[in-house]
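# Sequence first, then the predicted structure, then my questions.
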Amino acid sequence: MRIPVATYRIQFNPEFTFESAKAILSYLAELGISDFYASPIFKARSGSTHGYDVVDPNQINPELGGLENFESLIEEVQKHGLGWLQDIVPNHMAFDRQNPMLVEVLENGPNSQYKDYFDINWEHHYEGIRERVLAPFLGKFCGDCLESGELKLQYNQEGFTINYYDLQFPIRIESYSNVVTYDLARIRRKLGRNHPDFVKFLGALYALKYIPSGEEGMERYDQIGFIKSMLWELWNDSVEIREFIDENIQIFNGEPGKPESFDLLEKLLAEQFFRLAYWKVGNEELNYRRFFTVNDLISVRIEDERVFNHNHALILKLIEENKFSGIRIDHIDGLYDPAQYLNRLRDHASDAYIVVEKILEEHEDLPLTWPVQGTSGYDFLNKVNGIFCHHQTQPKFDSVYYRFIGHSISYKAIIEDKKRLIIAKHLTGDIDNLANLLQRISGRYRYASDFTIYALKAALVEIMALFPVYRTYINPEGLSKADRDCIEYVISKAKENTPIFFNELTFIEKFLLLEVDESLNPEEAEQWRYFVMRLQQFTGPLTAKGVEDTTFYIYNRLISLNEVGGNPGEFGVSLDDFHDFNQHRIAYWPHTINTTATHDTKRGEDVRARINVISEIPGEWDSMLRKWQEINAVHKDCIDGLDIPDPNDEYFLYQTLLGTFPFNETEFPTYVQRIKDYIIKAIREAKVHTAWLRPDTNYEEGFIRFAERLLKDMPDNPFLEAFLPFQRKVQHYGVFNSLSQALLKLTSPGVPDFYQGTELWDLSLVDPDNRRPVDFEQRLALVQDLKQRYETDKLGLVQELCQSPEDGRIKLFVIYQALKTRREYLELFQRGDYHKLTVIGSLKDHVVTFARTWDHTTVIVIVPRLLTSLVKPGEYPMGEQVWQETRISLPSSSSSVWRDVMTGREIQGDDTLWIRDVLTDFPVALLVNQNQQE
């Protein structure tokens, strides 16, 4: 297995292709990256900017350059000695006409060879979508779309389709006769009975009457293909036939203003294996599983071995050919049985480096039985971010927040409330499906025969709203202690909250704990397990939508903590917790990924580093808030008694501006537009005053006007005059947080990962802001210059970097030097021990330090934190005047001479290292000691 030294995530899209990637390989190699980490590269919906909407998993995306350019890129990747870590999407595909397997399902329904490929309930309890697939993509009610002429019957070489703008839905072959035999006498009169074209046309009609069912397998497909080819040939060869079909299409498409003219098309729609519906219907009534709440991403039944083999054919081939050295699995929690999937994958790819995208809650661990190297890194992100939040100031910070918004607020209460909101507004159909499944099963038991659908659904809602983790992993093998503890906790809390449903909750608890009645036959026992495993597939999406995509935009106490996988209810992380976390990773997940930014993070890593600074100065933060609030009161609109923005949104905006305000003034015009775009996304995600489902343009426009007034670039802007001095102060301390964070990522147990462009300052916001183009030529030139300068004048270089942090070179330098050290001492970082070092002195809480050891080599990491009380704005945390008597107790086996790879200096230290002697020229240190004694 190839364990990466460091990975670099690239977001492919039609503007950044395989050819584009080829141009940056020399830069990645120069920087010290070992593995190219690619976003999905398989054929996706046309124009996809992310690749997660796959339409063909066995074709390289032609919009990225296709197979030929991919092979060329792979060749160059391997020439540079890089591995390839590939992001794959096993859970879902695009619900789109470009998805050939789905089109085949929509055309043939239960007769389709792919009917079990997608996660569709063909036996849905609602008759209107039984043996049909709901297609909730219309902008208004289906009847309105019909009578306005927006739904159109069309014909091309592929056959007849119902089109809604650029959406196309194939009609079943059995319905062709309705169109082509309508007023058949008309074409008979025109051509005559014995005309060869008419005779051929009758032959096609005759074939339509005798379409084999799905049981005949390929015979059905052969006949469908034969009929379609005959009709297309007639269409092209006979003007009369073409005109006849065109006229019929025009008749079927009706005439707006004449409702009765759409009767034919309405009848045709009713016959199809799909049911077109208003897009909001998908939230309330659904018979296929989606990715989260996204209607146009339909889930696949990857647990079916045939589906697994089909969807992974190309992936496994590329692994076998050593073109992929590793894979990152997207949304592992969406799978029916993650353990089964991972074991099957490992059986086919025994030497692949595998990580999973998995959100771990506090005190939750990745299942140790999973045959993977770890996660994609959110657990590390939140631990390292947390140590830069000053947890001792929490009471003061709470007071500031509550005073500003005018009331206290509970993070846990918001989560429960917003989960219920998501269930009610977005997942009603999914919960209904679970409740109906449960009722069908429970009806077989005498002690559950009186349970109503209402009560069972209410009990399920309570359980799901209280779930403390994304999901459990109960499967036919049983359940773990962690799963049992989780279920018992949830049921206990649910009974406290809703004692009226005590009996239903007790019954469901038996299900969830797999306490299967001995009287059940194997089929009934399997249905019992099936319900549990289906339920588990929905707790994750509910948590993601309720927490990450809603609560994180409402609970704004300190938004640097509102990160994917984070817990903003916990105000920071202690140093002991951070070290314990790293010790655990050494023991169980030494090769998991360490990340500080991804394509999904809510804000850039350096934005979080800045915002964390205000956790150290709650009094000053409060003072500034009062001043800004007073200045900006005149900029607020008031509609129906509501000031826009409300205090909570205003508080959110001020933190956002502190974290993202650009170093360079030339970026200001584009920055203002980015903030305006972000405001709309953030307040719609919050779902308080506006939402994606029902935008409130008055509130949105009022908030945008407020932001424009605050950021109006003019000499006498009173807000900016008051804001910028404080922002520059926060920015100054944020630089040190960023450097410390970067070095910790590079040296802690695990594989450091870099999201594209973040080796310079990352002041981006949530996507699409964090997917803007990256200037790789600039970065290559900077790395080469740093490398050359370091070789000739180490101290001169670091002094210059400290004097001009705004250009980002200081961060790039730390990354480059640490990556060089990782490569030089690779076994130490991949296999070495981890030791928390004892810090002595009055400033011990301001130092994060640990040692990594392997064989005769020891590396010590030293970074500062919580600096606002140690150095004045503009000063650096270096020298005796700052660190005084603070010192580190050294490992007993080390020698007395240490080399700092940042400055090149040698430092003496037998059993003690004085921080004042280490941090003299640079704010972070990476010390190497090679003890040659046997």
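Structure's in. What do you need? Numbers count the residues shown, from 1 in each chain.

# Quick one: end-to-end length of stretch 108-116, please.
12 Å (Cα to Cα, to the nearest Å).

# And the helices in the stretch 401-550 of the chain?
Using DSSP state H, counting those that start in this stretch, the helices found in the stretch 401-550 of the chain span residues 411-425, 428-442, 453-466, 481-497, 502-512, 522-543.

# nope, the stretch 801-934 of the chain is what I meant
Going by DSSP H, counting those that start in this stretch, the stretch 801-934 of the chain shows helices at 809-824, 826-831, 880-883, 915-918.

# thinking again about what came up before, would you mind telling me which of the helices of the stretch 401-550 of the chain is nearest residue 83?
For residue 83, the closest of those is helix 522-543, at 29.5 Å, according to Cβ to Cβ. Quick note: C-beta positions are derived from backbone N, CA and C, even for glycine.

# Taking helix 411-425 as reference, get the angle to the closest one.
Interaxial angle of helix 522-543 relative to helix 411-425 (axes from the mean of the first three to the mean of the last three Cα atoms, to 10 degrees): 120 degrees.

# follow-up on the earlier one: could you redo the helices of the stretch 401-550 of the chain as TSV and give each row mean pLDDT, distance to residue 180 and mean neighbour count?
Conversion of the helices of the stretch 401-550 of the chain to TSV gives the following (pLDDT from 0 to 100; distance: least, Cβ to Cβ, whole Å; neighbours: other Cβ atoms under 10 Å):
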stretch	mean pLDDT	distance to residue 180	mean neighbour count
helix 411-425	94	44	18
helix 428-442	89	36	19
helix 453-466	94	44	21
helix 481-497	95	57	17
helix 502-512	92	52	19
helix 522-543	90	42	18
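
# Which one, of these, ends up nearest to residue 299?
Evaluated over the helices of the stretch 401-550 of the chain, closeness to residue 299 peaks at helix 522-543, with 8.3 Å, by Cβ to Cβ.

# just checking, what packs against the closest one?
helix 411-425, helix 428-442, helix 453-466, helix 502-512 (3 or more Cβ pairs under 8 Å, 6 or more residues apart in numbering; DSSP states H and E).

# change it to 7 Å
In terms of contacts (3 or more Cβ pairs under 7 Å, 6 or more residues apart in numbering; DSSP states H and E), helix 522-543 is packed against helix 411-425, helix 428-442, helix 502-512.

# Any chance of TSV for the ones you listed, columns distance to residue 201?
Output for these, formatted as TSV (distance: least, Cβ to Cβ, whole Å):
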stretch	distance to residue 201
helix 411-425	51
helix 428-442	43
helix 502-512	58
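
# Among those helices, single out whichever gets nearest to residue 227.
Closest to residue 227 of those, according to Cβ to Cβ: helix 428-442, at 35.7 Å.

# chain center to the closest one: distance?
Its chain's C-alpha centre and that of helix 428-442 lie 28 Å apart, by Cα atoms, centre = their mean, to the nearest Å.

# quick one: it to helix 453-466, angle?
Angle, helix 428-442 to helix 453-466, by the same axes, to 10 degrees: 120 degrees.

# Outside of helix 428-442 itself, list whatever touches it.
Contacts to helix 428-442, defined as Cβ atoms under 7 Å, 6 or more residues apart in numbering, come from residues 121, 125, 282-286, 423, 448, 451, 453, 456-457, 460-461, 507, 527-528, 531, 534-535, 538.

# cutoff 6 Å now
The contact list for helix 428-442 (Cβ atoms under 6 Å, 6 or more residues apart in numbering) reads 125, 284-286, 423, 448, 451, 453, 456-457, 460, 527, 531, 535, 538.

# Out of these, flag the one nearest to residue 410.
Within these, proximity to residue 410 (Cβ to Cβ) peaks at residue 423, which comes in at 19.3 Å.

# and residue 328, what are its bridge partners?
Residues in a beta bridge with residue 328, per DSSP bridges, are residue 87, residue 355.

# ok, it - contacts?
Counting by Cβ under 6 Å, 6+ apart, the residues that residue 328 touches are 87, 355, 376.

# State the distance from the residue nearest the centre of the chain to residue 375.
Residue closest to the mean C-alpha point of the chain, counted by Cα atoms, centre = their mean, is residue 600 at 4.5 Å. Separation of residue 600 from residue 375 (Cβ to Cβ, to the nearest Å): 13 Å.

# do residue 117 as well
Distance check for residue 117 against residue 375: by Cβ to Cβ, it reads 29 Å.

# Angles on the backbone of the residue located most distally from the centre of the chain, please.
Within the chain, residue 194 marks the point farthest from the mean C-alpha position, 63.2 Å out by Cα atoms, centre = their mean. Dihedral pair for residue 194: phi -100, psi 0, per degrees, to the nearest 10.

# per-residue pLDDT, it?
Here the pLDDT value assigned to residue 194 is 92.

# I'd guess residue 621 is in a strand, am I close?
No: read with DSSP: H, G, I helix; E, B strand; the rest coil, residue 621 is helix and lies in no strand.
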